[in-house]
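Engineer: Can you look at this prediction? I've put the sequence above it.
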Amino acid sequence: MSELSFTKTFLSTLDSRPIKLRADYVFDPERIGLRVPYTLPRLQAPHPEMPKKVRHTQAPGSSKSINVNVKSARNPALEFTIPNAPLSTTTVQDLRDAVRARVSDTQGNQVPMEKIKILYRRKPVTGTGKTVAEILADEPEMLAGGKAVEFGVMIIGGAQAIDIPSQPEAADHDVSPPKAAVGPSGAELLQTDAFWIDLQGYLGQRLKDEDEAKRLQALFKDAWSSSQS
């Protein structure tokens, strides 16, 4: 068979076949074979494990403490010390509570907590839950404990200091009987606004809830007033 005859026969065979494949056309890969080699996708490298944080727990009784000096140079002129304050548990809120118990506004009422600002190195300390240890994190010599640190106070709108009687420490070998209190006492003291302000401040420090402290103070005062009528 000549090449021309073969070509004509081959073309006529192709004409009998459909030009386009059907939609359901399926070819057998075993008979035809793959045109390109099939390779599996490359697996991603596993993420390295994060290093575990080592928590250093302190033994009971090993907590460091520091003397906290709280000072307000003006309006009001206030200065007091919180001795042996634990570094890891004393918070900014504790300092604000201590200040609030020692001041009042011009009408004799408690100063709103949001108006009391604690300063360190003349800059306001943000966050009421921040501890003294967190504030002094960049000062390792202070974190060793046994030293004194000074915090400033700024009261927006001003306030006036309340006189709180201090208890002098007794000498080691000289124990004397306590002296009688000077000023109003007993039922006469209950009639002063300073007593109820101090009571609310004490309840706020113990309960850590100013609204509940105010409610209990009002409850106690109403009960006392009812007993006097």
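Structural biologist: Right, received. Where do you want to start?
Engineer: Does Leu143 touch Val132 like I think?
Structural biologist: No - the pair Leu143 and Val132 fails to qualify as a contact (C-beta atoms under 8 Å) at a distance of 9.3 Å. Quick note: C-beta positions are derived from backbone N, CA and C, even for glycine.
Engineer: any residues in contact with both of the two?
Structural biologist: Leu87 (C-beta atoms under 8 Å, 6 or more residues apart in numbering).
Engineer: The two: who's more crowded?
Structural biologist: Val132 (27 against 16; other C-beta atoms under 10 Å).
Engineer: Can you name the residues that contact the more buried one?
Structural biologist: Ile66, Val68, Ala85, Leu87, Thr90, Thr91, Val149.
Engineer: what secondary structure does the residue nearest the centre of the chain sit in?
Structural biologist: In the chain, the centroid-proximal residue (C-alpha atoms, centre = their mean) is Gly129; its distance is 3.9 Å. Assigned state for Gly129: coil (three-state reduction, DSSP: H, G, I helix; E, B strand; the rest coil).
Engineer: Next one: it, what pLDDT does it get?
Structural biologist: What the model reports as pLDDT for Gly129 is 84.
Engineer: Next: Thr81.
Structural biologist: Looking at Thr81, the pLDDT reads 90.
Engineer: Please put the alpha-carbon coordinates of the one helix or strand it maps to into CSV.
Structural biologist: According to DSSP states H and E, Thr81 maps onto strand 78-86. C-alpha atoms of strand 78-86 as CSV (Å, rounded to 0.1, in the frame of the first residue of the first chain):
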residue,chain,number,x,y,z
LEU,A,78,-1.2,64.3,103.2
GLU,A,79,1.6,61.9,104.1
PHE,A,80,1.5,58.5,105.7
THR,A,81,3.3,55.2,105.5
ILE,A,82,2.1,51.6,105.0
PRO,A,83,4.8,49.5,106.7
ASN,A,84,5.8,46.0,105.5
ALA,A,85,3.5,46.0,102.5
PRO,A,86,3.8,42.7,100.5
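Engineer: List the buried residues for it?
Structural biologist: Counting neighbours by 16 or more other C-beta atoms under 10 Å, one finds that the buried residues in strand 78-86 are Leu78, Phe80, Ile82, Ala85.
Engineer: same deal with stretch 150-167?
Structural biologist: Phe151, Gly152, Val153, Ile155, Ala159, Gln160, Ala161, Ile162.
Engineer: Show me which helix runs longest in this protein.
Structural biologist: Ranked by residue count and defined by DSSP state H, the top helix of the chain is helix 210-228.
Engineer: hmm, who's touching that helix?
Structural biologist: Contacts with helix 210-228, where a contact means C-beta under 8 Å, 6+ apart, come from Met113, Leu190, Trp196, Leu199, Gln200, Gly201, Leu203, Gly204, Leu207.
Engineer: Show me which of these are buried.
Structural biologist: Listed as buried from the contacts of helix 210-228 are Leu190, Trp196, Leu199, Gln200, Gly201, Leu203, Gly204; burial here means 16+ other C-beta under 10 Å.
Engineer: okay if I get those as a markdown table plus pLDDT, secondary structure and distance to Leu4?
Structural biologist: Below are the buried ones among the contacts of helix 210-228 laid out as a markdown table (pLDDT from 0 to 100; DSSP: H, G, I helix; E, B strand; the rest coil; distance: C-beta to C-beta, whole Å):
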| residue | pLDDT | secondary structure | distance to Leu4 |
| --- | --- | --- | --- |
| Leu190 | 77 | helix | 131 |
| Trp196 | 82 | helix | 123 |
| Leu199 | 84 | helix | 121 |
| Gln200 | 84 | helix | 117 |
| Gly201 | 82 | helix | 117 |
| Leu203 | 83 | helix | 115 |
| Gly204 | 80 | helix | 112 |
